[in-house]
Structure formats: C-alpha cells, structure tokens
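In: Task: produce atomic coordinates for the following.
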Amino acid sequence: MSIPLLPDIVIILGLSVIVILIFQKFKLPTILGFLITGIMAGPHGLSLVKASHEVEVLSEIGIILLLFIIGLEFSLKSLAAIKKAVFLGGAFQVLLTIVVAGLIATYFGYGISQAVFIGFLFSLSSTAIVLNILQSRGVINSPNGKITLAILIFQDIIVVPMMLLAPIMAGKSDDVWLTLLTLVLKTLLVVGLVILAARYIFPRLLFEVAKTRSRELFILTIVVSCFAVAWLTSSIGLSLPLGAFIAGLIISESDYSHQATSQIMPFREIFTSFFFVSIGMLLDISFFLQNAGVIIGFTVAVFFIKGTIGTMAASILKYPPRVTILVGLALFQVGEFAFILSKVGIENGLIDAVTNQYFLSISVLSMALTPFAFMFSDRIVKSFSNTQLSKGLAKFNYWNEKVDDQENIKSLKDHLIIIGFGVNGKNVAKAAKATGIPYVIIEMNAETVHKEKANGEPILFGDASNPFILEQVKVWSARVAVVAISDGPITKKVVSSIRDICRTVFIIVRTRYINEISSNLNLGADEVISEEFETSIEIFTRVLYKYLIPDDQITNLVHLVRGDNYKMIRPEVEMEAGRLNIPNLRITSATVSKDDNSIVGKSLKESAIRQNWGVNIVAIQRNGSFIAELDGDTVINQNDIVYIVGTPEAVTELNKLLKV
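Out: Predicted coordinates for the structure are as follows:
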C-alpha cells in the first residue's frame, strides 16, 4: 500500500535537515532554513514536491498548534490585563498601516478599493514567525513580548472582517449590515461558550482524565479539544488559528496547562516546519530575480514604515523607547494570514496576478529578514537609545504617567531603589516596608504601575536604563539598587546606566543564568544572584536537612559552594582582590537572642570577640537608638542588634553563639 503524500513528507523533512544543518554551521536562523527549503523544493524551484495543497494543509495544522500553545501559556485573566494593548495598540497599528499603504498604492495608480485592500494585506504581521521567535528567546512574557502578542491577536481578529469586506469592496455584496450583525452575534456566542467552558466544563473533564493516569487519553483529550474549538470558530466565520488560541485559553484556566503544553510541543515543532516550508514554496524565483531591485526597495520601505508604525503603537500605550522599538522590529514583516486574504482578493478582482506576485515576494523576503531583526535588535536599540528622540520619548512617557507622591520621592535619602516589580521586586518591597527602609520602585508595565500606585506603593513608570528616570529617583543618594528584571540585555544596560551616574550605590542584580554573572560584575554590579545557581543550593540544602545533617555543617557547605563557584565565575574580580590584598570580608547584622553566653552582659574587652572569633563589632542598635562610637568598655545586652565585620566563616560561628 502506498501513501501519496509520504514521498513529499520525506523530501521536505530530509531536505530541511540538510539545509538547516548547513545553516547551523554558519549560525543562521532555523526559520530561514525552512524558507530556503520551500523555495528549493517548490514548484518554482526544483519541483521536488508534487502535493503542494496537502503541504499547505499540514502547515495550517502547524499554525493551529502554535496558537494553541500560546493560548495555554496565557489565561483569561492575563489576556484581560492586556486588553488595552489589544484594542488600542492593535487598532492604531492596523488602521494607520492601512492608511499609509493605501496612500502609497493610490500613488502608483490603484483604485480606492484596491488600495484599501492592499493596505489590508500589509497591515498584518506573521503571528507564527514572531511568536515562535519570542518563545525560543524566552521573552514572550516581557513587556515588548506582551504588547507584540496583543497587537498580533487584534490582527488575527480583524482579518475576519477584512475577508467579509472584500466582496463588498468589489461590489459583489449589498447586505453589509446583516453580515456584520451576524458576525457580531456569533462572536458573542463564542465568547460566552469560552467563559462557560473555562470555568465549568474543561476543569472537570481534565480532572477526570488526569485521574486515569493514562498518558494516551490525556494527549487525545487535549488534541481533540484544540481542533474541536478551532473547527467551531471556523464554522461560524472566524479563523482556525483564532479558535486554537481560544482553546488554549480555555485549558490554561485549569491545573493541567503545563502538562498539556509539554505533550503538544513535539507535534507543534513538526507541523510548524511545514508552515515555513509552504511559505517558501509560494515564491516565484524567476519573477523575484527579474524584479529584484523593485522588490528589495519595497521590502526596505515596508521594514521602515511598518516598524515605525509598530513603534508608535507601543508608544501610545506609554511604554519606554526600548520596548517600543522592539515591538516595531517584531511587527515589520507581512504575515501568513495576508496570504489567505490575498486569495480572497484575487477571487474578487481586488488584486491581479502580477500584484500578487510582488506582494508574495515582499512578504517572503520580509519574513526571511525577521530572525535577523531579532538577532540585531539589541544593537539597534542601543544605537537609538543615545539619541535626543529617545530621551524625549522617555520624558514623554514618564510625565504622562504622573506620580502622585513626587514630594515623597524628592525627600528620599539613603533609600532603596527596586527596579522591576515582579515576584522578586514585590518581596524586596515587603521586606523594606516591614523593616522601615525607605524605597522607590521603577516598573515598565503600565498596568502594574497603575494598580500598585492605587495600593499606595511609591512606584514610577519608566525605563530604568534611561538616565532621566534614574535621576528622578535620586540614584546618587540611594544606598542600594536592586535590579530584579528578567530581561538579560536590559539588566546590563540598567547597571551600566546606574554606574554612569553614581559610583557609590550598592547594586544587587538578579539574573536567570550563571553565565550572566561575570558580565554584570564587569559593568559595575556589586552582587549578582543567579536564580539557576541559588536554586541548586536551595535544593541540596533541603536534601541535606532531610538526611538530618547538622545546621552548622550545612551552613559551612553552602559558604564553601558559593565561594568556590563564584570564584570560578568571576576570576578577574578575585585576581583584582588578590592584587589589592583585600580579605574576603562580610558585613552583616545579627540579633542577640540568647542571654547565657560569654558575650551578653560583658564588655567588648572582656568578651575578646576579635581575638576569639576573628570579627569586629562596628555598631550596635539598642531600643531604637544607634550606637556608632564603641570602645572596650561597651557592653552587649540581650536583644541588641550588632553589626559585624569578618569572614563568612567567622560571622557564621558568632551568629550561632548569639542565637542558639
């Protein structure tokens, strides 16, 4: 028995392996390799693939699974949190692109209806490519990732009315209002079903499935749910990918979304490869070579025009320049839904075959450039950030998000600056509030700023890498700055910006990976805490506790592991310390809890703390008063807070004496 599609699948996947292997040798993006594979195997290349339509069907499955996984990683609550970005940012980007592209098309002799339809085509960006890159780079939950996703969601929604308007624009339909009213009613019905299913149906269904502990049944349930909801939305006139995204949102409300993502991921990788290959198969190489100059020129124009409009769309949402530029760089290409829309345009006579080929060539070329735009995005942002326009945007964003407690911030001194108000930032703020430490927060998420300001937090909206924002929080008079954001490149820029203004503030940086420690230290950070490394310490500490290892042994082991590992991570820092002969000192404080030891009730001279433990007590806090001038006759009392300077080992030993 033969399977007609099997030879084409083997050709596509086999050729993809060879092409991508070569591309990886030269460190070129995988997506570009799939596009090249499609160009080579397609009807305009070597004509290796015969079943082009079947390949397109497989590619559509890839898009469905991609949007399904994106929906799984979101939730109805998180989507509601970015509703402003979806409707305001998305509408601004789409409408302005339609206007600009339509005017350009009119200049080249197209009629009004044709020009508007061309605007429709170029207003759409590639959901599949952009989200795939955002996911692979781990920035889909960053501010620029969320705004980009919000605008892409709006594009996916608006493509349906565009398809319905095409026959009307071509003069083939008179019943406009009835069509639109029907679509609105169907959409409301779908939204109602989504809320009902997310709250009552799917959590119970997945609970019953999970109780069986059958991996096969779980996968089957997830796949059926995805395609069933996608089919339902498609049957009422909405797009299949939009339905898949809705299905992901429904399941994301349950406790099983992470398991569902892990089960679907391998299928998505295979089918999305067919999507990128199918896009490459659409390109007519001979037409491209004959008109290369015009196509490249228009592609450059699309890059700058759509990139600028995307940046403006993020700017009106009051995000800092770095975020807005990254959004523009993510949205400049033409998307896959535009290909579907172009077929509708050809059927209704809104574009001809030659225009469609120009459109396809520009679209594929813009898609091929997208991975490179992401690769060089940090350099582009860095070159832009030093301009007067960037500083002007920072001031615009800052003053548009007016701070209610400016006078309190102006009076800050010896305070703590918290940069980023995620889980880590919030915990630092709680600790500062509980201990009476004055602090101020810088956050780039406008929704978070609005919410936390209403809760009374001293929070500013702005990009902490911008000197103007740092000056507003008086960074030069702060004692500590905690950089608690998840974006590695912007973290480095924040550290560098702080050091350009102030050399005295103590900078503590939170990073995700060990390999980011050295670069942050070189830029001026004083302490860099790696989540990857500290998590490993927490794990083995809890393991040792379960094996009843004594606390002091565990503490010494933690000091040893930290010392050895950080020495390997930052050898240049240790070498510098060695040249200057600076000992490994630790400055900390400890509460004197125990009253029956050789220290409490005795003077510093009698207890001989320095001789016996190798540490110095430099200050004491007693009953709310601070004693900084100590001598040999100073007595340590119970409940004093003593400030200690010494090696980590010596400090640990003295702590045990004071507390145990």
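In: Helices of the stretch 251-400 of the chain, residue ranges please.
Out: Counting by DSSP state H, counting those that start in this stretch, the stretch 251-400 of the chain has these helices, from start to end: 257-281, 285-290, 292-315, 321-330, 336-347, 353-375, 377-385, 388-400.
In: can the ones you listed go into JSON lines with extra columns for mean neighbour count?
Out: No exception for glycine: its C-beta is placed from N, CA and C like everyone else's. Output for the helices of the stretch 251-400 of the chain, formatted as JSON lines (neighbours: other Cβ atoms under 10 Å):
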{"stretch": "helix 257-281", "mean neighbour count": "20"}
{"stretch": "helix 285-290", "mean neighbour count": "13"}
{"stretch": "helix 292-315", "mean neighbour count": "18"}
{"stretch": "helix 321-330", "mean neighbour count": "27"}
{"stretch": "helix 336-347", "mean neighbour count": "20"}
{"stretch": "helix 353-375", "mean neighbour count": "19"}
{"stretch": "helix 377-385", "mean neighbour count": "16"}
{"stretch": "helix 388-400", "mean neighbour count": "16"}
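In: Output those helices in JSON lines; the columns should cover distance to residue 212 and mean pLDDT.
Out: Shown next, in JSON lines, are the helices of the stretch 251-400 of the chain (distance: least, Cβ to Cβ, whole Å; pLDDT from 0 to 100):
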{"stretch": "helix 257-281", "distance to residue 212": "13", "mean pLDDT": "76"}
{"stretch": "helix 285-290", "distance to residue 212": "52", "mean pLDDT": "90"}
{"stretch": "helix 292-315", "distance to residue 212": "46", "mean pLDDT": "93"}
{"stretch": "helix 321-330", "distance to residue 212": "41", "mean pLDDT": "88"}
{"stretch": "helix 336-347", "distance to residue 212": "37", "mean pLDDT": "83"}
{"stretch": "helix 353-375", "distance to residue 212": "42", "mean pLDDT": "90"}
{"stretch": "helix 377-385", "distance to residue 212": "46", "mean pLDDT": "77"}
{"stretch": "helix 388-400", "distance to residue 212": "52", "mean pLDDT": "50"}
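In: With distance to residue 642 added, can I get these in TSV?
Out: What follows is the helices of the stretch 251-400 of the chain, written out as TSV (distance: least, Cβ to Cβ, whole Å):
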stretch	distance to residue 642
helix 257-281	46
helix 285-290	76
helix 292-315	51
helix 321-330	44
helix 336-347	65
helix 353-375	52
helix 377-385	45
helix 388-400	42
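In: Looking at these, which is nearest to residue 100?
Out: Proximity to residue 100 (Cβ to Cβ) singles out helix 292-315 among the helices of the stretch 251-400 of the chain, at 6.0 Å.
In: the inter-axis angle of the closest one versus helix 377-385?
Out: Helix 292-315 runs at 70 degrees relative to helix 377-385, counting by axes from the mean of the first three to the mean of the last three Cα atoms, to 10 degrees.
In: Just want the angle from helix 292-315 to helix 353-375.
Out: 60 degrees.
In: contact partners of helix 292-315?
Out: 89-90, 92-93, 96-97, 100-101, 104, 122, 125, 144, 147, 151, 288, 323-325, 327-334, 358, 361-362, 365-366, 369, 373, 393, 397 (Cβ atoms under 8 Å, 6 or more residues apart in numbering).
In: Quick one: name whatever helix or strand follows the helix or strand containing residue 150.
Out: Element membership for residue 150, per DSSP states H and E: helix 143-169. Where DSSP H and E defines the elements, the next helix or strand beyond helix 143-169 is helix 176-196.
In: Packing partners of that following helix?
Out: Using 3 or more Cβ pairs under 8 Å, 6 or more residues apart in numbering; DSSP states H and E, the elements in contact with helix 176-196 are helix 143-169, helix 215-235, helix 240-252.
In: hey, which of the ones you listed is tucked in deepest?
Out: helix 240-252 (a mean of 26; mean count of other Cβ atoms under 10 Å).
In: Could you break the chain into its assigned domains?
Out: Domain assignment for the chain by automatic domain parsing gives 6-385, 413-577, 583-659.
In: Which stretch among these is buried most, on average?
Out: By mean count of other Cβ under 10 Å, these have domain 6-385 as the most buried, with a mean of 19.
In: starting at the chain centroid, how far to it?
Out: 18 Å (Cα atoms, centre = their mean, to the nearest Å).
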